[in-house]
Every structure is written in structure tokens, then in C-alpha cells.
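# Turn this into a model:
(chains A and B)
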Amino acid sequence: KAGVTQTPRYLIKTRGQQVTLSCSPISGHRSVSWYQQTPGQGLQFLFEYFSETQRNKGNFPGRFSGRQFSNSRSEMNVSTLELGDSALYLCASSWTIAGVYNEQFFGPGTRLTVL
Amino acid sequence: AQKITQTQPGMFVQEKEAVTLDCTYDTSDPSYGLFWYKQPSSGEMIFLIYQGSYDQQNATEGRYSLNFQKARKSANLVISASQLGDSAMYFCAMREMEYGNKLVFGAGTILRVKS
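Have a look, this model is predicted:
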């Protein structure tokens, strides 16, 4: 089974631009979560999608948004980029059984640099 | 208050010896899960082991075991017979039923295995 894939792997943007990151979960996984990892703040939860619905959202400004498609693929968008948005963005997928989540499997991440 | 605390920023261990990485957590949710992930320098998060709050036995997965002490709210990871490839960052994480599939991570512990 293929793992979680994320594209692109590396991205360089300038302040004020917007960016879209993509995540394809493991086949059969309907839950997709996004995390931001920075040296200063560590790993922080952004949001989780399940069956195209956002189920949970972390404490991030509205510039961070996401969506999930019917095939469970997910995208996250960051508008009006700031220098502090430079980070490794990790996507994770998990499957559920009878409403119970199993462990999250992570993709390789997208490293975003904002200049 | 920090939900997950990893007090050891860095650890050294001799190859073939066992090492314990500490993790304490804070929650009032009776239903929660504890996870350990490994992050090599490549950046990808690798799932190691899971312990549910209602599990009676400590979890084990190969060379990894979780020393779960519920009353102390600790979930230490024990790696037996350390290998050079174990050198990485290790994260403890918690998922509370109240927050669905959201993982809260500790700051991590860098483990270096010496030959």
C-alpha cells in the first residue's frame, strides 16, 4: 500500500503570496490531519478533515484554510504569507472503524520557506 | 499548562543498550491515547507505538515498549538493544476523545546512539 504523499516537497514563496499544499492519504483512510512544525513552536495541529468535513481546527488565523475532496485527498491553503509561516507542513491520515480512530500515518512533509 | 511534557531535550545511549525516553501528560478526559513517533533527519514522522487509556497491559512493538503509569500520568518509551539507526528525534503525543483525531505533541527528545 502506498504511503501518504505530499506535494510539493519544497516551496519558496515571498511575503504576501498565497500557497496551496496537497496531501493524498493512504488508500481507505478518510481522516486527514495537517500539522505545522517549526523550531520555535514545535508541532502544532492545524485542522482535521473527515469525509469532506472539517472536524477540528487548531489555533491558527483564518489565513490558514483547508478542504478535502470526495476521494479523501486534501489541500491546505495559506494566504497572505508571512515570514513566520516558514515551516514543515505535515499531513497525516488514519482510518476509522466504528467511529474509532486508529494511528495517524504521516507524509514526508512540505517544507515552505517564505522570503 | 503543557499537555505533553518531554523533559529530556537530548539523550545519548551506547549501541546495544536500552534507553528510556520520558513523557508525562495532563488531561481530564478519561478516554485518551498516547503515541510515540520517531522523526529522523529526513523529516518524516514514523509511528512507533500506541497505548490507550483503558489498556490494562503496557504496549510493546518489537524493540519498543511503553511504560504506562496512569496514576502518575506518564508514558515513557523504552527502546531495547539500541541501534545506530535509532538516532532521531522522538515525540510523545496524546489524543483526547473530546478532540477527535487531534494530536498534541511534546517538544521532543533527540536521541543519539553511540557506537
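# Not counting sequence-adjacent ones, nearest residue to residue B:43?
Nearest residue to residue B:43, sequence neighbours excluded (C-beta to C-beta, 6 or more residues apart in numbering or on different chains): residue A:109, at 5.0 Å. The C-beta positions use only the backbone N, C-alpha and C, and glycine is treated the same way.
# Tell me the backbone dihedrals of that neighbour, please.
In terms of degrees, to the nearest 10, the main-chain angles of residue A:109 are phi 90, psi 160.
# what number of residues lie near it?
Per other C-beta atoms under 10 Å in any protein chain shown, the neighbour tally for residue A:109 reads 24.
# nearest residue to the most centrally placed residue in chain A other than its sequence neighbours?
Against the mean C-alpha coordinate of chain A, by C-alpha atoms, centre = their mean, the closest residue is residue A:34 at 3.0 Å. Of all residues not flanking residue A:34 in the chain, residue A:46 sits nearest, at 4.0 Å (C-beta to C-beta, 6+ apart).
# which residues does the one you found contact?
By C-beta atoms under 8 Å, 6 or more residues apart in numbering or on different chains, the contact list for residue A:46 reads A:33, A:34, A:35, A:36, A:57, A:58, A:60, A:64, A:66, A:76, A:89.
# tell me the secondary structure for the last one?
By that I understand residue A:89. Secondary structure, DSSP: H, G, I helix; E, B strand; the rest coil: residue A:89 is strand.
# so it sits right up against residue A:21, yeah?
Yes - Residue A:89 lies in contact with residue A:21 (C-beta atoms under 8 Å); the separation is 5.6 Å.
# residues shared between the contacts of those two?
Common neighbours of residue A:89 and residue A:21 (criterion: C-beta under 8 Å, 6+ apart): A:6, A:76, A:110, A:112.
# So what's the residue count around the first one?
Okay, so that is residue A:6. 21.
# swap in residue B:111?
The local packing of residue B:111 (other C-beta under 10 Å) involves 21 other residues.
# Great, nothing more from me.
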